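> here is my input; please provide its structure:
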Amino acid sequence: MATPGRPGRDSAQPRRPEHHHGCDKPATRNQDQSHGHLTGKPSDTACLGAFEPIQAAVYQGSGYTAVRSLGLRSADPPKRVFAGAVEFPSAESAHAFVRTSAGNWKACAGQTVTVAEGHQTTPWTFSELNGAPPRIMQLRTQAVPNGRVCQRVLSAVSRVVIDVVACGTSITNEAGQVADQMAAKVTP
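Here you go, the predicted model:
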C-alpha cells in the first residue's frame with residue numbers, strides 16, 4: 001500500500017504535460033501532497049467539485065488514503081493545468097466516488113456560478129456532463145467577453161481517481177489528454 005501522499009507505486013502521479021498540452025514552458029510549477037485550493041468562493045458550493053480539482057471539502061469523508069497533485073502554468077499561450085491522483089482503499093470506492101461526483105456535476109450543468117475573489121466577481125457557466133462513470137468530463141466557460149474555458153476530467157482507474165482541470169482561452173481536450181497519460185501509468 002502506498003504511503004500517505006504517494007498514490008500507488010508508479011501510479012498516475014502527475015507529470016509535466018507534454019508539449020501538445022500547451023504548457024511546455026511552465027511559468028510556475030507546484031507539486032505537493034495535499035488538496036488544491038480555490039482562491040475565491042463559488043456562489044453554489046454544491047458545484048465545487050465540478051469547478052476545481054482536489055478540493056478538500058469534496059473528498060472529505062470519501063475514504064481516500066493519499067493524494068498527489070501538480071500544477072502548471074504557461075505564459076504564451078496562457079494556460080493552466082492542475083492534475084491530481086487520489087488513492088482509495090479499493091477500486092470500488094474509487095469508482096463510487098466518481099459515480100457520486102457524476103450526479104453532483106450533472107446538477108451543475110446549465111448553471112452560472114459566480115466566484116468572488118477579493119472585489120471581483122466572475123461568472124462561470126457549466127456545460128452538460130459528458131461521459132459516464134468511471135470517466136466524466138465537463139466544461140465551464142467564463143460568462144464574459146473573451147472569457148476563459150476550463151475542462152474538468154474525473155476518472156477512476158483501479159484504486160486511483162484522476163482529477164484534472166485545464167484552463168485557457170482555447171481549450172480542446174488538454175485535461176482529457178493529461179488524464180489519459182496519467183491513467184496509462186496506474187498500476188492495479
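> name the element the residue most central in space within the chain belongs to?
What sits nearest the mean C-alpha location of the chain, by CA atoms, centre = their mean, is V164, with 2.8 Å. In this assignment (DSSP states H and E), V164 forms part of strand 160-168.
> quick one: the residue nearest to the centre of the chain and L70, what's the gap?
Look at V164 and L70: by CB to CB, to the nearest Å, they are 10 Å apart. In short, each C-beta sits where N, CA and C put it, glycine included.
> now do the shared contacts for these two.
The contact sets of V164 and L70 overlap at 82-84 (CB atoms under 8 Å, 6 or more residues apart in numbering).
> which member of the residues you listed is positioned nearest T121?
F82 (21.8 Å; CB to CB).
> bridging residues for that closest one?
For F82, the beta-bridge partners are G71, V165 (DSSP bridges).
> next one: it from H95, what distance?
From F82 to H95 the distance is 22 Å (CB to CB).
> show me which of those two is the more surrounded one.
Set F82 next to H95 and count neighbours by other CB atoms under 10 Å: F82 wins out with 23 against 18.
> tell me the contacts of that one?
36, 52-54, 69-72, 164-165.
> what does A50 give?
Contact analysis of A50 by CB under 8 Å, 6+ apart lists 101, 104-105, 108, 126, 138, 140, 152.
> turn the buried ones among these into a named ChimeraX selection, would you?
Remark: buried members of the contacts of A50, expressed as a ChimeraX selection using 16 or more other CB atoms under 10 Å:
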select :101,105,108,126,138,140,152
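> what segments of this protein are strands?
Remark: strands assigned in the chain by DSSP state E are 26-32, 41-42, 66-75, 78-87, 112-117, 120-126, 130-132, 135-142, 149-157, 160-168.
> in CSV, list those along with distance to G176.
Putting those into CSV (distance: least, CB to CB, whole Å) gives the following:
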stretch, distance to G176
strand 26-32, 19
strand 41-42, 23
strand 66-75, 16
strand 78-87, 11
strand 112-117, 22
strand 120-126, 17
strand 130-132, 9
strand 135-142, 6
strand 149-157, 5
strand 160-168, 8
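> ok, which of those strands comes nearest A184?
Nearest to A184 among the strands of the chain is strand 149-157; the distance by CB to CB comes to 8.9 Å.
> ok so, going back, name the member of the contacts of F82 with the most neighbours.
Neighbour counts for those (other CB under 10 Å) peak at V164, which has 31 neighbours.
> residue farthest from the centroid of this protein?
Distance from the C-alpha centroid of the chain, by CA atoms, centre = their mean, peaks at H119 (25.7 Å).
> for that residue, what are its contacts?
Applying CB under 8 Å, 6+ apart, no residues qualify as near H119.
> what's the answer for the one 5 residues further on, then?
Listed by CB under 8 Å, 6+ apart, the contact partners of W124 are 51, 112-115, 140-143, 150.
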